[in-house]
Every structure is written in C-alpha cells, then in structure tokens.
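[1] here you go, sequence then predicted model.
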Amino acid sequence: SQTIHQWPATLVQPVGSPLSLECTVEGTSNPNLYWYRQAAGRGLQLLFYSVGIGQISSEVPQNLSASRPQDRQFILSSKKLLLSDSGFYLCAWSSRGSGELFFGEGSRLTVL
Amino acid sequence: GENVEQHPSTLSVQEGDSAVIKCTYSDSASNYFPWYKQELGKRPQLIIDIRSNVGEKKDQRIAVTLNKTAKHFSLHITETQPEDSAVYFCAALPSGSARQLTFGSGTQLTVLP
C-alpha cells in the first residue's frame, strides 16, 4: 500500500532563518506531488505541485521554493523565513489520472 | 479556472441530528468531487467522493449528492455524533491535462452533546 511521510512534524524558527521540509511517498511511482499551506483556522492554499522529477509549478509567488530531486521525494525550502510563513504545511500525492489526493501528517511551522 | 464555494462556514447541530454542507462549482467540465474531514491538528482525510456519472453515493451515515445541471454537490451526515466534529472541505477536479483539486473554504462542524 502507498504511504506518505513528511518531516519534521513541528519546528520553531527565527525570522530570517532557512527552512527545509521533506516529503517522501512509498508504494507508488510517478506520483503527482503537492505542497499546501494552511494558516490557523483557514483553508488549504496550494503552494507548489510537481508532475515529475525537476518539474515544479508554483501557484503563489513568495519566498518559498520547492524541488523534486527524486521521483518520490518533494522538498519545500526557504532561504529566509518571514513571520507570515508560519502555518501548517501539508505534503500530498495523487496518482496520474486519479483525482484522489492523500495528505501527509503535516509540519507545523512557527516563525518567531 | 475552477472556483468552489462552500456554505456554511460554521455549523452547529445537536447530537443525533443531521448536518448538510453545500458546495457549488463553476467549471461544468469538472468530473470528480471529494470531501475531506480534518480534525483539529490533523491532516485532511478523504471520507467520501463522487464522480460526475453518479448522482448520489452513500457510506453508512454519510452521503454525497451531485446536481450537475445546477453545478452543486452536498455532504449529508445523519445521526451525528461528537466525533463528527471537525472541519469539512469539499473540492472539485476540473478536466484537462493540468488538473488540480480546487478546495472550498471549509465548514467547521460542531456536534453538541
């Protein structure tokens, strides 16, 4: 069966520090991969999606970036965090041709 | 692109009563409509979905209906229980090669004991 893991689960970072969140999917190949952000009490904002290695589409211009160095690995990064980057970050995957989206456990980021 | 509107934003019901959450979508070519449940501090989880060739789908106490003509779909929860309290998101999947789920803004459901 397919599983998705993301880490770290929680982190507290100072303003201006870098960020790296990692996500991996097991049990499937060629997945579509996504990063979402959810501010407290708010909806799901799509940040990036990828249909293949090295292929990244950005939905929202910001100081975040994403990379897909391997088929089942998706990384969210920032060189300098802002207070507004605080939130709940969710990695997700779907198989090609299917609409079903499966989320990782989430990473709660607090920027101080 | 697709636009999904979800109502109400908050809903309180007494335990045992029914709850209904409604969503409308704009792209008539959308063909897949999932519903997600997100408990506090947890990830959203798929609870039920419906495709455009079906008008209704049931799974125990939850059901989803789809009206393609009116471009709206609804989640129905019967015999609500306190553990049904969560945020519920609807979504729609447009047709085409670059397909991404478009989510509604969410409904906070509270089931009062």
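    Noted; the coordinates are in hand.

[2] which residues does B:Y32 bridge with?
    B:R51, B:L93 (DSSP bridges).

[3] correct me, but it touches B:A92?
    Yes - the criterion here is CB atoms under 8 Å, and B:Y32 meets it with B:A92 at 7.3 Å. Glycine gets a C-beta too; all of them are placed from N, C-alpha and C.

[4] ok, these two, which is more surrounded?
    B:A92 (25 against 18; other CB atoms under 10 Å in any protein chain shown).

[5] ok, now which ones touch the more buried one?
    B:2, B:4, B:23, B:25, B:27, B:30, B:32-33, B:101-102 (CB atoms under 8 Å, 6 or more residues apart in numbering or on different chains).

[6] again, 10 Å this time
    By CB atoms under 10 Å, 6 or more residues apart in numbering or on different chains, the contact set of B:A92 is A:99, B:2-4, B:23-27, B:30-34, B:52, B:71, B:73, B:101-104.

[7] repeat for A:Q55
    A:Q55 sits in contact with A:32-33, A:49, A:68, where contact means CB under 10 Å, 6+ apart.

[8] return the member of the residues you listed nearest to chain B.
    A:Y49 (6.2 Å; CB to the nearest CB).

[9] rewinding a little: tell me, what's touching B:Y32 and B:A92 both at once?
    A:99, B:52, B:101.

[10] and for the last one, the neighbour number?
    By the other CB under 10 Å criterion, the neighbourhood of B:L101 contains 26 residues.

[11] can you check the second one too?
    Under the neighbour criterion other CB under 10 Å, B:S52 is assigned a count of 17.

[12] which non-adjacent residue is nearest it?
    B:N31 (4.1 Å; CB to CB, 6 or more residues apart in numbering or on different chains).

[13] and B:G55, how close does it get to B:A91?
    Using CB to CB, to the nearest Å, B:G55 is found at 18 Å from B:A91.

[14] before we move on, what about B:L109?
    With CB to CB as the criterion, B:L109 and B:A91 are 17 Å apart.

[15] more neighbours: those two, which one.
    B:A91 (27 against 21).

[16] which element is the most centrally placed residue in chain A on?
    Nearest to the centroid of the C-alpha atoms of chain A, with distances taken as CA atoms, centre = their mean, sits A:W35, at 3.1 Å. When elements are assigned from DSSP states H and E, A:W35 belongs to strand A:32-38.
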